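[1] can you look at this prediction? I've put the sequence above it.
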Amino acid sequence: MKLTLKIWRQKNAEQAGKLVEYPVTDVSPDMSFLEMLDVLNEQLIEKGEEPIAFDHDCREGICGMCSLYINGEAHGPGRGITTCQLHMREFKDGETIYIEPWRASAFPIIKDLVVDRTAFDRIIQAGGYVSVNTSGNTIDANAILIPKPDADKAFEAAACIGCGACVATCKNASAMLFVSAKVSQLALLPQGKVEAAERVQNMVRQMDLEGFGNCTNTGACEVECPKGISLDNIARMNREYLSATLMAE
Ligand code: SF4
Ligand code: FES
């Protein structure tokens with residue numbers, strides 16, 4: 001396949017960026033999208049040009065590092081997949097593809113297609129954990145019975161990989177789908193109930209401090225989420241937040 005790529009290039013956070021056109025050849029339809037970028041980078045290096053910076057790690061849909069806005073869609077065309085799971089057979093020979101970074105003020109661009117997603121780390125630090133007494137009397141987690149429907153819902157919420165596609169897709173750059181998945185994952189389980197009220201308040205406070213927008217129930221986040229995180233989690237988090245706030249008063 002031969003393609004024309006229009007890729008966002010930006011030297012650093014301070015300088016303005018722009019779309020730059022690159023022709024790329026020798027692309028196999030069986031390559032992943034990231035492998036196609038590897039081919040382009042090899043061609044750029046051979047020509048003495050600077051390769052394109054982009055994030056990736058596992059390349060199998062687990063780590064949440066890959067984060068490209070492709071032809072106006074987070075993680076590109078296709079549902080339930082990350083950028084690293086996208087294959088070039090989804091595109092036509094000769095096609096022009098637009099590749100941009102996530103765009104949200106809470107995710108500033110570091111270089112080219114790489115954005116700073118440490119805002120998510122700080123939200124997790126604010127409450128995305130359970131405190132465990134390690135005095136030597138700790139109960140084995142398997143000894144605590146959990147209703148199957150609750151375990152299933154917690155497991156589904158725990159599938160969130162923190163990629164940030166929900167934020168990039170949302171017209172308000174809201175992080176509600178991500179935060180609600182992290183809140184729900186713990187709030188649904190007995191181990192997480194102890195700190196549930198404090199957790200939801202702290203995580204929502206940090207989310208607001210980071211500058212993410214609010215949720216207006218558009219639902220684009222759920223459509224583009226590679227892990228199928230449901231909007232039900234946002235409703236659950238809103239209920240948790242309301243009851244925690246009322247309890248605190
Ligand atoms: S909710 Fe979905 S889109 Fe958002 S960070 Fe988690 S996995 Fe990514
Ligand atoms: S590189 Fe890990 S999810 Fe894509």
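    Sure, I can see it. Ligands and ions are numbered 1, 2, ... in the order given.
[2] okay, strands next: where are they in this structure?
    Along the chain, counting by DSSP state E, strands occupy 3-9, 18-24, 68-70, 73-74, 96-101, 109-111, 114-115.
[3] make CSV out of those and add distance to Ser230, mean pLDDT and mean neighbour count.
    From N, CA and C alone the C-beta is placed, and that goes for glycine too. Converted to CSV, the strands of the chain look like this (distance: least, C-beta to C-beta, whole Å; pLDDT from 0 to 100; neighbours: other C-beta atoms under 10 Å):
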stretch, distance to Ser230, mean pLDDT, mean neighbour count
strand 3-9, 31, 98, 18
strand 18-24, 34, 97, 13
strand 68-70, 23, 97, 23
strand 73-74, 17, 96, 22
strand 96-101, 26, 98, 19
strand 109-111, 30, 97, 18
strand 114-115, 25, 98, 20
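[4] ok, now which ones touch the most centrally placed residue in the chain?
    Central residue of the chain (C-alpha atoms, centre = their mean): Cys163, 1.8 Å from the mean position. Applying C-beta atoms under 8 Å, 6 or more residues apart in numbering to Cys163 gives the contacts Gly64, Met65, Cys66, Ser67, His75, Thr82, Pro226.
[5] thought His87 was touching Ser32, still the case?
    Yes: assessed by C-beta atoms under 8 Å, Ser32 is found in contact with His87 at 5.8 Å.
[6] ok, and which of the contacts of Cys163 reach ligand 2?
    Gly64, Met65, Cys66, Thr82 (C-beta under 6 Å from any ligand atom).
[7] tell me the most packed of the residues you listed, by neighbour count.
    Thr82 (30 neighbours; other C-beta atoms under 10 Å).
[8] alpha carbons of the least confident helix or strand in the chain by mean pLDDT, as PDB, please.
    Every helix and strand of the chain was ranked by mean pLDDT, DSSP states H and E. The lowest is helix 190-193, at a mean of 90. The C-alpha atoms that make up helix 190-193 are tabulated as PDB, following Å, rounded to 0.1, in the frame of the first residue of the first chain:
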ATOM      1  CA  PRO A 190     -16.600  -4.900  50.000                       C
ATOM      2  CA  GLN A 191     -12.900  -4.100  50.200                       C
ATOM      3  CA  GLY A 192     -13.600  -0.700  48.500                       C
ATOM      4  CA  LYS A 193     -16.700   0.300  50.400                       C
END
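[9] greatest separation within the ones next to ligand 2 among the contacts of Cys163: which pair is it?
    Met65 and Thr82 (8.8 Å; C-beta to C-beta).
[10] picking up where we left off before, from the contacts of Cys163, which has minimum pLDDT?
    For the contacts of Cys163, the weakest pLDDT value sits at Ser67, with 93.
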